[in-house]
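In: Need the 3D shape of this:
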Amino acid sequence: MDKSEYLRRLSSVNDLLLAFNRLQAAAEEVPRQIAVESIRSVVDSVREAIRAARDEMELKSIGTGVEDLLPLVEEEVRERLRPCLRRVINATGVVIHTNLGRSPLPRQALDGIARTAGCYNNLELDLDTGRRGSRQAHVEGLLREITGAEAALVVNNNAAAVLLALSAHAKGREVVVSRGQLIEIGGSFRLPEVMEQGGARLVEVGTTNRTRLEDYRAAIGEDTAMLMRAHPSNFRVVGFTEETALGELSSLAQEKGLILLDDLGSGVLIELAGYGLPDEPTPTRSLEEGADLVTFSGDKLLGGPQAGMVLGREELVRAMARHPLARALRPDKLTLAALEAVLRLYLDPGQAVREIPALAMLTLPGDELKRRASRLAGRIRRASGEFEVRVVPENSRSGGGSLPLADIPTWAVSVASPRLGPDELEEKLRLSEPPVLVRIREDRVLLDPRTLLPQDYEDIPRLFAAIAASPGE
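Out: As a prediction, the model looks like this:
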């Protein structure tokens, strides 16, 4: 077995580059650097395969000519040109999936971005006066109209909203919070750490499961600046529990001359109970119950882009807008364009539920979900007879730190393969193009139509057909 002979036969980088450039489409679209790096990578891989060959048969199976390597080069180029951040198919049934970008934006938000992203715009220009304006003007009026707030401010996420509120109104002073509300949010960011960065001193009161009004009262001292409620939007404490109502905290804050901050976390602008979903406090309700400042997210139950909203008393919000940290936390033009479009939908709550994908998904009726699941199951069966496909009752989840205990009834497509185990099938779907994210239950792959978009119904059967046609491992 003469490996040196095979190494001498190995096509050169220049020969492969000439052959690759003769492919007109590739020559027009692929930067030279990408082509050269891809060719070098393929040549290096083949060279290593020759050196690692264990016998003559294995060595003879390794192609070394231009015609052998050119398909490998094309595949390497496609891989290098593929965007890192790209579309995936969410078949998990988790509507607000943080790992998958949280809430998909409605068409109106995409249109808003397209209208302003590729051109100059009036981000900070008052067209009526010709003078410098505020970027907040594009959304503040809408937030005030929808929620009834005196004033509104938008920053780049809800953690930033809380950080800015603490920095502007409680730096160097005490903030009283129930122990049962010292939450950890996504990415291992913990509320006490956010408070520390804001310069506030945390005062814990009550116990994990029970905190009474008198616990707050006893903790208030000369250095106290704020009472804070953090809505446990991604967990619940159940059983022997007690918490202080927001209205009671408001009365205490007014009595002591303190600020009451209500961090809603996920945040929702409509009453979900009317759609058969568990109740979630709205910013309007928090303000009506006496909160001075309310913070919440833009890309969760609201269904918009990543952003953090601050609503509340005008003098408090204005002080936050003037704070030096506000510039570091401000939203960009793309966020504001998308958010403005989403907020306009809320001027008609019925339209918001129909047009905002997260809300539309959460409120899909059971008979429609079953119809969609049956349609998808039929398409998978027609794409390949390999798979055993059923339509089964299941539960979806809201996700994204919202409705944590809510099992939302759905119908799912359950798929099994005689050739592939559930973990293997899940991996093949995840590594497809586009990737498909699924759940596994009882040794079967589950696809929940609640979180599927129209194009997904075309792609999923095609991907199952490709998996069936692929050689076994």
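In: Kindly check the end-to-end length of stretch 194-212 for me.
Out: One end of stretch 194-212 sits 24 Å from the other (CA to CA, to the nearest Å).
In: go on, stretch 251-260?
Out: Using CA to CA, the end-to-end distance of stretch 251-260 comes to 10 Å.
In: Which parts of that stretch count as buried, going by neighbours?
Out: 252-253, 258-260 (16 or more other CB atoms under 10 Å). No exception for glycine: its C-beta is placed from N, CA and C like everyone else's.
In: Same check on stretch 38-58?
Out: So stretch 38-58, judged by 16+ other CB under 10 Å, has buried residues 38-39, 41-43, 46-47, 49-50, 53.
In: farthest pair in the buried residues of stretch 251-260?
Out: 252 and 259 (11.8 Å; CB to CB).
In: Could you pull out the helices in the stretch 301-450 of the chain for me?
Out: For the stretch 301-450 of the chain, the helices defined by DSSP state H, counting those that start in this stretch cover 314-322, 325-328, 333-345, 349-355, 357-362, 366-383, 422-430.
In: Give the rounded mean pLDDT of the fourth one.
Out: For helix 349-355, mean pLDDT is 96.
In: Please apply the same query to the last one.
Out: The average pLDDT for helix 422-430 rounds to 97.
In: List the buried residues for it?
Out: Neighbour-count burial for helix 422-430 [16+ other CB under 10 Å]: 422, 425-426, 428-429.
In: centre of the chain versus it, how much separation?
Out: Centroid separation between helix 422-430 and its chain, computed with CA atoms, centre = their mean, to the nearest Å, is 22 Å.
In: Which elements pack onto the helix or strand where residue 195 lies?
Out: For residue 195, the element it lies in under DSSP states H and E is helix 191-197. Applying 3 or more CB pairs under 8 Å, 6 or more residues apart in numbering; DSSP states H and E, one finds that helix 191-197 contacts helix 158-169, strand 174-178, strand 201-205.
In: Show me the contact partners of stretch 118-127.
Out: By CB atoms under 8 Å, 6 or more residues apart in numbering, the list of residues contacting stretch 118-127 from outside reads 131-135, 137-138, 333, 336-337.
In: One more pass at 7 Å, please.
Out: Contacts to stretch 118-127, defined as CB atoms under 7 Å, 6 or more residues apart in numbering, come from residues 132-135, 333.
In: end-to-end on it?
Out: Distance between the two ends of stretch 118-127: 19 Å, counting by CA to CA.
In: Okay, buried residues for the helix holding residue 195 please.
Out: For helix 191-197, by 16+ other CB under 10 Å, it's 191, 194-195.
In: sorry, back to before: which of the helices of the stretch 301-450 of the chain sits closest to residue 224?
Out: Short answer: helix 314-322, nearest of these by CB to CB, at 16.1 Å.
In: re earlier: so can I have CSV of the contacts of stretch 118-127 showing distance to residue 343?
Out: Formatted as CSV, the contacts of stretch 118-127 follow (distance: CB to CB, whole Å):
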residue, distance to residue 343
132, 23
133, 18
134, 16
135, 15
333, 16
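In: Just the ones of these in strands?
Out: Those of those mapping onto strands are residue 132, per DSSP state E.
In: ok, of the contacts of stretch 118-127, which come out buried?
Out: Burial by neighbour count, 16+ other CB under 10 Å: within these this picks out 133, 135, 333.
In: was I right about the second one contacting residue 334?
Out: Spelled out, it's residue 135. No. With contact defined as CB atoms under 7 Å, residue 135 does not count as touching residue 334 (11.7 Å).
In: Could you list the low-pLDDT ranges of the stretch 51-200 of the chain?
Out: Within the stretch 51-200 of the chain, the stretches with pLDDT under 70 are 183-189.
In: Right, I'll call it a day here.
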